[in-house]
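A.B. asks: got a structure for you, letters missing:
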C-alpha cells in the first residue's frame, strides 16, 4: 500500500497545511502509516527511509485524535484508492496484562472484624513498642 503524489492530490483536502519547521510531508507520513498498517510492525521497526518513527507516530496520534485519519481513510475508500477491510484492528502491544481476578486466582478471605476488641483476644500485630513498668 503506497499512495502516489497524484492520488494524494485527490485526498489532500483532508489534511491541514503544514506549519512551522516540518521535515516530512503529509504524503510521507501517510505512506509510513500505511506501511505499519500493512505489515503490522512496531513503530520502532519502521524503515529509516520513511523518516524518524517518533515523528511519524506523533503526527499519526495527533491526526487520530482530531479525526483527520478517519476522514482521510474514508476519502481513500470513496476514491477507490485503497481497499481496507472494515474490520481492520491493530493492537500496539506484545502482551496484554490481566488482573489476577481475571485469571481465576483465589480471592483473599475477608477478616472477621467483631465489634468489641475483647472478643478478638490478644492483638496479632503490635505496631508500637510496649513499655513495661519496671519495678
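C.D. replies: Everything's here; your move. No experiment lies behind these values; they were computed from the predicted model shown. Numbers count the residues shown, from 1 in each chain.
A.B. asks: which sections of this protein are below the confidence cut-off?
C.D. replies: 83-98, 100-135 (pLDDT under 70).
A.B. asks: let's go with 90 and repeat that
C.D. replies: Within the chain, the stretches with pLDDT under 90 are 1-4, 6-24, 34, 36-43, 66-135.
A.B. asks: Would you map the strands across it?
C.D. replies: With DSSP state E as the criterion, the chain has no strands.
A.B. asks: Would you map the helices across it?
C.D. replies: 5-11, 26-39, 53-66, 68-78, 117-120 (DSSP state H).
A.B. asks: what residues are up against the closest residue to residue 30 other than its chain neighbours?
C.D. replies: Of all residues not flanking residue 30 in the chain, residue 3 sits nearest, at 5.9 Å (CB to CB, 6 or more residues apart in numbering). Backbone N, C-alpha and C define where each C-beta goes, glycine included. Going by CB atoms under 8 Å, 6 or more residues apart in numbering, residue 3 touches 11, 27, 30, 31, 34, 76, 81, 82.
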